[in-house]
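> Let's see this in three dimensions:
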Amino acid sequence: MTNILVLCTGNSCRSQMAHGYLAFFCKGKANVFSAGVETHGVNPKAVLFMKEDGIDISHHTSNNMLEYKDIPFNFVITVCDHAKEVCPYFPTNAKMLHHNFEDPSKVKGTEEEIAESFRKVRNEIKEYCRKFVEENID
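Numbering: from 1, shown residues only. Here you go, the predicted structure:
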């Protein structure tokens, strides 16, 4: 079975959304994990805006990447520049992929502006994950 790890800084928002979409699009054809170089807890707004699109990530936990050091990953996807830059040595033969998504949790403004940012990033992550699965998972 294919093993996929999604990495972000705190495993709070972007990596959690990608984890949810990858699991959805893989339909059981891959094991999907997400982690951070730190752990910040799952962002409640990420849970809310994923649920708005029919994906429940409320059961996800925020994990440190070192918890998965013994899993033979086929793919490691970093979803923010910070994680890519500060990721300590991670022993893997996985194909490394990177796409920097804006961090919606850092947006300041009205509730509607924040919601708009979460939806925009969520939709970008959804499209990235859909395309990734189409191209890489049988």
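
> What strand or helix carries the residue nearest to the spatial centre of the chain?
The centre of the chain sits closest to residue 15, judged by CA atoms, centre = their mean, with a distance of 1.9 Å. Assessed by DSSP states H and E, residue 15 sits inside helix 14-26.

> Secondary structure of residue 6: a helix, I assume?
No: with DSSP: H, G, I helix; E, B strand; the rest coil as the criterion, residue 6 is strand rather than part of a helix.

> from now on call the first residue 732
In the new numbering, first residue 732, that becomes residue 737.

> ok so, going back, contacts for the helix holding residue 746 next, please.
With contacts defined as CB atoms under 8 Å, 6 or more residues apart in numbering, helix 745-757 is touched by 733, 735, 737-739, 761, 763-767, 773-774, 777-778, 780-781, 786-788, 791, 793, 808, 810-811, 814, 832, 834-835, 852-853, 856-857, 859-861, 863-864, 868. The way it works is simple: take the backbone N, C-alpha and C, and place the C-beta from them, glycine included.

> still on that earlier bit, setting aside sequence neighbours, what's the nearest residue to the residue nearest to the centre of the chain?
residue 739 (3.5 Å; CB to CB, 6 or more residues apart in numbering).

> What is the neighbour count of the one you found?
30 (other CB atoms under 10 Å).

> beta partners of it?
Beta-bridge pairing of residue 739 under DSSP bridges involves residue 767.

> ok, back up a step: ok now the helix holding residue 746, how far from the chain's centre?
Counting by CA atoms, centre = their mean, to the nearest Å, helix 745-757 is centred 6 Å from the centre of its parent chain.

> How about stretch 761-778?
When C-alpha coordinates are averaged (CA atoms, centre = their mean), stretch 761-778 and its chain have centres 6 Å apart.

> Using PDB, list the CA coordinates for that stretch.
C-alpha atoms of stretch 761-778 as PDB (Å, rounded to 0.1, in the frame of the first residue of the first chain):
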ATOM      1  CA  ALA A 761      -3.200   4.800   0.200                       C
ATOM      2  CA  ASN A 762      -2.400   5.400   3.900                       C
ATOM      3  CA  VAL A 763      -2.300   9.100   4.500                       C
ATOM      4  CA  PHE A 764      -0.500  10.800   7.400                       C
ATOM      5  CA  SER A 765       0.100  14.400   8.300                       C
ATOM      6  CA  ALA A 766       2.700  15.900  10.600                       C
ATOM      7  CA  GLY A 767       4.600  19.000  11.500                       C
ATOM      8  CA  VAL A 768       8.100  20.000  12.300                       C
ATOM      9  CA  GLU A 769       6.300  21.200  15.500                       C
ATOM     10  CA  THR A 770       2.800  20.500  16.800                       C
ATOM     11  CA  HIS A 771       0.300  23.300  17.300                       C
ATOM     12  CA  GLY A 772      -3.000  21.400  17.600                       C
ATOM     13  CA  VAL A 773      -5.600  21.100  14.900                       C
ATOM     14  CA  ASN A 774      -7.000  24.500  13.900                       C
ATOM     15  CA  PRO A 775     -10.800  24.700  14.600                       C
ATOM     16  CA  LYS A 776     -11.300  26.900  11.500                       C
ATOM     17  CA  ALA A 777      -9.700  24.200   9.400                       C
ATOM     18  CA  VAL A 778     -12.100  21.700  10.800                       C
END
